[in-house]
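Chemist: 3D model of this:
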Amino acid sequence: MSRHLDRYGPWALVTGASDGIGQATAQRLAALGFSLLLVARRADRLAMLAAELRAAHGVTVQCLALDLGTEEGLATLRHESAAHDVGLLVAAAGFGTSGPFLAAPLREELAMLDVNCRAVLALTHEFGNRFAARGHGGIVLFSSLVAFQGVPHAAAYAATKAFVQSLSEGIAPELRARGVDVLAVAPGPVRSGFAARAGMRMGATDSPATVADGLVAALGRRALVRPGMLSKALEFALTPLPRRGRVWMMGRVMSGMARHVA
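Modeler: Numbering: from 1, shown residues only. The predicted structure is shown next:
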């Protein structure tokens with residue numbers, strides 16, 4: 001039995017499991033022997049992944065197709081997950097936007113806030129309490145390279161990730177005393193469906209599998225991980241700069257990635 005399954009098993013809940021980092025993490029956890037509760041909006045993609053994981057690893061997989069940006073979706077997840085002894089939450093669901101802040105459709109920005117912040121807070125509170133009651137568990141939240149300074153041309157998205165980073169840092173000492181590990185994962189650009197939805201052009205990227213491997217290795221041992229060589233290289237370049245300089249630099253980077261920068 002792996003240290004992860006022993007400490008966090010038998011069930012892991014992975015949101016955003018239909019693509020990218022969420023999918024890669026589900027694959028990694030299945031290989032470790034976890035039973036999986038997979039959540040995303042696309043039922044067909046979840047069903048394909050579940051069939052793959054059952055065939056490859058012989059694990060139990062349940063799928064929930066729902067929208068975590070709605071109270072109905074959150075309520076359904078609370079109810080359906082209660083039947084399982086979930087000991088690990090991987091909150092990978094999220095999306096981004098890019099372009100000039102004043103030109104952004106407010107409805108889309110608020111929807112992003114609901115998924116990236118409100119749902120993460122609600123699930124962290126719900127499962128944090130469950131894990132504390134059982135005396136052990138793990139919570140994985142997704143920060144980002146953009147979480148550590150403001151980012152022109154992706155201002156609202158970066159702000160949502162700053163919220164997640166700050167939340168993770170704040171609760172980690174509290175929950176550690178209750179037997180619950182909290183890990184913030186802060187990747188750089190990753191090859192996934194994220195860029196298309198965010199309206200970004202990606203250049204160099206890390207793979208979702210690299211991020212999944214990094215978070216599994218760090219879970220229970222660190223409070224923050226920056227997985228992948230690209231993330232580490234960007235951290236090395238940005239860290240010496242004052243915050244104002246990081247904002248300027250990230251604005252230059254994002255102006256080359258966002259498709260509709262005025």
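Chemist: distance of residue 164 from residue 91?
Modeler: 8 Å (CB to CB, to the nearest Å). Every residue, glycine included, has its C-beta placed from N, CA and C.
Chemist: need the longest helix for this protein.
Modeler: Using DSSP state H to define each element, the chain has its longest helix at helix 155-176.
Chemist: what is that helix packed up against?
Modeler: Contact here means 3 or more CB pairs under 8 Å, 6 or more residues apart in numbering; DSSP states H and E; on that basis helix 155-176 packs against helix 106-113, helix 119-134, strand 137-142, strand 180-185.
Chemist: hmm, who's touching that helix?
Modeler: Helix 155-176 is touched from outside by 94, 96-98, 101, 104, 109, 112-113, 116-117, 120-121, 124, 128, 131-132, 139, 141-144, 146-151, 181-184, 186, 198, 223-224, 250, with contacts defined as CB atoms under 8 Å, 6 or more residues apart in numbering.
Chemist: of the helices and strands packed on helix 155-176, which approaches residue 33 most closely?
Modeler: Nearest to residue 33, of all the helices and strands packed on helix 155-176, is strand 137-142, at 15.0 Å by CB to CB.
Chemist: which parts of the closest one are buried?
Modeler: Within strand 137-142, the residues scored as buried using 16 or more other CB atoms under 10 Å are 137-142.
Chemist: thought residue 15 was touching residue 68?
Modeler: Yes: at 6.2 Å, residue 15 and residue 68 qualify as touching, with contact defined as CB atoms under 8 Å.
Chemist: joint contacts of those two?
Modeler: Contact criterion CB under 8 Å, 6+ apart; residues shared by residue 15 and residue 68: 39, 93, 119, 123.
Chemist: I'd like the residues you listed laid out as a markdown table, including neighbour count, distance to residue 57 and pLDDT.
Modeler: Converted to a markdown table, those look like this (neighbours: other CB atoms under 10 Å; distance: CB to CB, whole Å; pLDDT from 0 to 100):
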| residue | neighbour count | distance to residue 57 | pLDDT |
| --- | --- | --- | --- |
| 39 | 30 | 19 | 98 |
| 93 | 25 | 22 | 96 |
| 119 | 23 | 28 | 98 |
| 123 | 23 | 25 | 98 |
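Chemist: so residue 36, which of the three states?
Modeler: State at residue 36, reduced to three classes by DSSP: H, G, I helix; E, B strand; the rest coil: strand.
Chemist: what about the closest residue to it other than its chain neighbours, distance to residue 80?
Modeler: In space, and not counting its chain neighbours, residue 36 is closest to residue 61: 4.8 Å by CB to CB, 6 or more residues apart in numbering. Computed as CB to CB, the residue 61 to residue 80 distance reads 13 Å.
Chemist: center of this structure, which residue is that?
Modeler: Closest residue to the average C-alpha location of the chain: residue 92 at 2.9 Å, with CA atoms, centre = their mean.
Chemist: returning to what we had before: between the shared contacts of residue 15 and residue 68, which is closest to residue 231?
Modeler: The closest of the shared contacts of residue 15 and residue 68 to residue 231 turns out to be residue 93 (CB to CB; 20.1 Å).
Chemist: three-state assignment of that closest one?
Modeler: coil.
Chemist: my guess is it contacts residue 67, does it?
Modeler: No: counting by CB under 8 Å, residue 93 does not reach residue 67; the two are 9.3 Å apart.
Chemist: okay, residue 86: pLDDT?
Modeler: Residue 86 carries a pLDDT value of 98.
Chemist: again, but for residue 118
Modeler: 98.
Chemist: over to residue 37?
Modeler: Listed pLDDT for residue 37 reads 98.
Chemist: list the pairing partners of the helix or strand where residue 14 lies within its sheet, with orientation.
Modeler: Using DSSP states H and E, the element containing residue 14 is strand 11-15. Here strand 11-15 has these sheet partners by DSSP bridges: strand 35-40 (parallel), strand 86-91 (parallel).
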